[in-house]
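Undergrad: next one to model:
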Amino acid sequence: MEKFILAIDQGTTSSRAIIFNKQGKKIAFASREVKCLYPFEGYVEEDPMEIWISVVDVVNEVLIKSGINWNQIVGIGITNQRETTVVWDKKTGNPVYHAIVWQSRQSSDLCDQLMDKKTFIHERTGLLINPYFSASKIRFILDHIKNGQKRAENGELLFGTIDTWLIYKMTGGKKHLTDVSNASRTLLFNIFKMKWDKQLLSIFNIPSCMLPKVCESSFDFGIASVFNNKVHILGVNGDQQASLFGHNCFKAGQSKNTYGTGCFMLLNIGEKPILSKNGLLTTVAWTLNGKTCYALEGSVFIGGAAVQWLRDGLKIIKDAADSETQALKEPNSLGVYIVPAFVGLGTPYWDDDVRGAMFGITRATNKSHIIRATLESIAYQSKDVFDIMKEESCINIESLQVDGGATVNNVLMQFQSDILQLPVRKPACLETTALGVAYLAGLKCGFWSCIDEICKTHEYKATFLPKMSKEEAQIRDRGWKFAVKATIAFKPRKEK
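TA: Numbers count the residues shown, from 1 in each chain. Below is the predicted model of the structure:
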């Protein structure tokens, strides 16, 4: 009887379940959209119960679609949107507040009050003080529910990133666990000592009893008893780290970029963490067999979300695929630059107050120019991250491996190659994030014996080579940097 690994990929806008075989091939796939809530400007929230129900739905659907039964599933892997914060009642298992999504800026004021601690926090976590991370989100929730702090101190409340929330629900409330990669994104985890940090907890006034136990990324996280009494959760990894693993970036100097709701570039830096001086994050990639791998990371807040804006906000495209069709109607953006700073700018700017802008419009500007400029903005932001990462690591990166939903857009991928002046390589399996955590789960149960066996399954589907001249790429990039500078200089007045 053939065996398989089930991977659950819980992302910002959807939950997916994918079944992989021993060759690393996708056998079946199911997906459900998850609704984002925007109660106030800068707020991004989700219903944790909707997330959980969507996961139950996709797991059941993928098994039905594939005709595979639970006896053929040797293990489950969970990969998740990181930083997104859930706090729930330990007794009832019910959330006490909406999940605060990684994109949300609602805890900005809390972070501003702690800027005098930024050096201390960076030296322990490898991160910056920013509402992007979990700690201030926890603090916000405790401050906005009745008797939040008291309930937390009494051990009545539990915190988790989405992986922890799903493990808790899947095990029937028996396991309150996370992995090192997700823990390293909370602003509460010391990446040098690899444990929760008492002083960081004190800074945010967060009781340690709320926190999950931290485990290796390839680990037995418990029986998924809600689904089956024999199948174990054997791999957990934050989505971007899982993507790095799925790309087989096992050696220092290998990197990837994921194009999802945001864009995330990670560079494997080996077993010794390096603290960035240029706005990059130092993060735990994974711990496997007692060895921890670290990565430098740069984040673009608005990637595929910019295409959603074209569809849902401006309503000038029917769906994501239509963005490529419309963009191809024009050879270029006619000098139009769009800076999609809808929730601020990430690496290397880290400016939460800046908002989006459009430059260079004329009477000749049409919707195809705007659509193409929006796609190009994703590539420009990724190049900003790439350049600073290359400078910081002193590593000559010879190509960029890519994954994520937006990589199906050939206009975007070609422009990314053009503006970087490097080959852009797309793998045969675009579900690299899910594949990465499937590998971690499979290694735990012996489905794959070692890293070398995994490497033999890796294949590329397409390679994009630069078609634009180096001089033209430099001119375009200078225009982008002028646009960003002007956008940062303009801080709109907040409406009361």
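Undergrad: next up, the contacts around Asn410.
TA: 324, 464 (CB atoms under 8 Å, 6 or more residues apart in numbering). C-beta coordinates here come from the backbone N, C-alpha and C atoms, glycine included.
Undergrad: just the strands in the stretch 1-150 of the chain please.
TA: 4-10, 14-20, 26-33, 45-46, 73-80, 85-89, 99-100 (DSSP state E, counting those that start in this stretch).
Undergrad: just checking, what packs against the last one?
TA: Of the remaining helices and strands, those touching strand 99-100 by 3 or more CB pairs under 8 Å, 6 or more residues apart in numbering; DSSP states H and E are strand 45-46, strand 85-89, helix 134-144.
Undergrad: that one: how far from the chain's middle?
TA: Using CA atoms, centre = their mean, to the nearest Å, the mean C-alpha position of strand 99-100 is found 15 Å from that of the whole chain.
Undergrad: same check on the second one?
TA: Relative to the centre of its chain, strand 14-20 is centred 16 Å away, using CA atoms, centre = their mean.
Undergrad: would JSON lines of the helices and strands packed on strand 99-100 with mean neighbour count be doable?
TA: Below are those laid out as JSON lines (neighbours: other CB atoms under 10 Å):
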{"stretch": "strand 45-46", "mean neighbour count": "22"}
{"stretch": "strand 85-89", "mean neighbour count": "24"}
{"stretch": "helix 134-144", "mean neighbour count": "24"}
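Undergrad: count the residues that sit near Cys263.
TA: Applying other CB atoms under 10 Å, we find 28 residues neighbouring Cys263.
Undergrad: kindly check the end-to-end length of stretch 140-152 for me.
TA: Stretch 140-152 has its terminal residues 13 Å apart, counting by CA to CA, to the nearest Å.
Undergrad: what's the average pLDDT for that stretch?
TA: Mean per-residue pLDDT for stretch 140-152: 96.
Undergrad: residues making contact with that stretch?
TA: Contacts for stretch 140-152 (CB under 8 Å, 6+ apart): 85, 87, 96-97, 100, 106-107, 110, 157, 205-207, 209-210.
Undergrad: tell me the contacts of Asn69?
TA: Per CB under 8 Å, 6+ apart, neighbours of Asn69: Leu63.
Undergrad: closest to Pro331 out of the helices and strands packed on strand 99-100?
TA: Ranking the helices and strands packed on strand 99-100 by their distance to Pro331 (criterion: CB to CB) puts strand 45-46 first, at 39.5 Å.
Undergrad: these two touch, right, Glu156 and Trp88?
TA: No - applying CB atoms under 8 Å, one finds Glu156 not in contact with Trp88, separated by 10.0 Å.
Undergrad: what is in contact with those two at once?
TA: With CB under 8 Å, 6+ apart, Glu156 and Trp88 have no common neighbours.
Undergrad: from Thr374, how far out is Glu33?
TA: Glu33 sits 21 Å away from Thr374, going by CB to CB, to the nearest Å.
Undergrad: comparing the two, which residue is more hemmed in?
TA: Thr374 (25 against 10).
Undergrad: could you say which helix or strand holds that one?
TA: Element membership for Thr374 (DSSP states H and E) is helix 367-393.
Undergrad: rewinding a little: so which of the contacts of stretch 140-152 is the closest to Thr283?
TA: Looking across the contacts of stretch 140-152 and measuring by CB to CB, the closest to Thr283 is Thr85, at 17.0 Å.
Undergrad: isn't that closest one up against Ile100?
TA: Yes - in this structure Thr85 lies within contact range of Ile100 using CB under 8 Å: 4.8 Å.
Undergrad: give me the common contacts of those two.
TA: Common contact partners of Thr85 and Ile100 (CB under 8 Å, 6+ apart): 137, 141.
Undergrad: so which bits of stretch 323-333 are buried?
TA: 323-324, 326-327, 330, 333 (16 or more other CB atoms under 10 Å).
Undergrad: contacting residues around the nearest residue to Ser382 once chain neighbours are set aside?
TA: Of all residues not flanking Ser382 in the chain, Cys263 sits nearest, at 5.2 Å (CB to CB, 6 or more residues apart in numbering). Applying CB under 8 Å, 6+ apart to Cys263 gives the contacts 257, 299-300, 303, 378, 381-382, 385, 404.
Undergrad: list the beta-bridge partners for Cys263.
TA: Tyr259, Val300 (DSSP bridges).
Undergrad: name the SS class of the nearest residue to Leu440 once chain neighbours are set aside, please.
TA: Ranked by CB to CB, 6+ apart and with sequence neighbours excluded, the top spatial neighbour of Leu440 is Gly235, at 3.4 Å. Following DSSP: H, G, I helix; E, B strand; the rest coil, Gly235 is assigned to strand.
Undergrad: excluding its backbone neighbours, what's nearest Cys249?
TA: Cys249's closest residue in space is Asn268 (CB to CB, 6+ apart), at 5.0 Å.
Undergrad: mind checking pLDDT for that neighbour?
TA: Predicted confidence (pLDDT) for Asn268: 92.
Undergrad: now it: which helix or strand?
TA: Using DSSP H and E, Asn268 falls in strand 263-270.
Undergrad: tell me what angle that strand forms with helix 367-393.
TA: Here the directions of strand 263-270 and helix 367-393 differ by 20 degrees (axes from the mean of the first three to the mean of the last three CA atoms, to 10 degrees).
Undergrad: in strand 263-270, what's buried?
TA: Applying 16+ other CB under 10 Å to strand 263-270 flags 263-269 as buried.
Undergrad: ranges for the strands of the stretch 251-400 of the chain?
TA: 255-259, 263-270, 281-288, 291-300, 337-339, 357-359, 400-403.
Undergrad: residues in contact with the residue nearest to Glu33 when sequence neighbours are not counted?
TA: Counting by CB to CB, 6+ apart, Glu33 lies nearest to Ser14, which is 5.2 Å off, once chain neighbours are set aside. Neighbour list for Ser14: 31-34, 54 [criterion: CB under 8 Å, 6+ apart].
Undergrad: and Pro492, what pLDDT?
TA: 68.
Undergrad: ramachandran angles for the residue sitting furthest away from the middle of the chain?
TA: In the chain, counting by CA atoms, centre = their mean, Arg363 sits farthest out from the average C-alpha position, at 38.3 Å. Here is the backbone geometry of Arg363 (degrees, to the nearest 10): phi -60, psi -20.
Undergrad: and the gap between it and Ser333?
TA: According to CB to CB, Arg363 stands 15 Å off from Ser333.
Undergrad: same deal with Ala321?
TA: 19 Å.
Undergrad: do the same with Glu45
TA: 33 Å.
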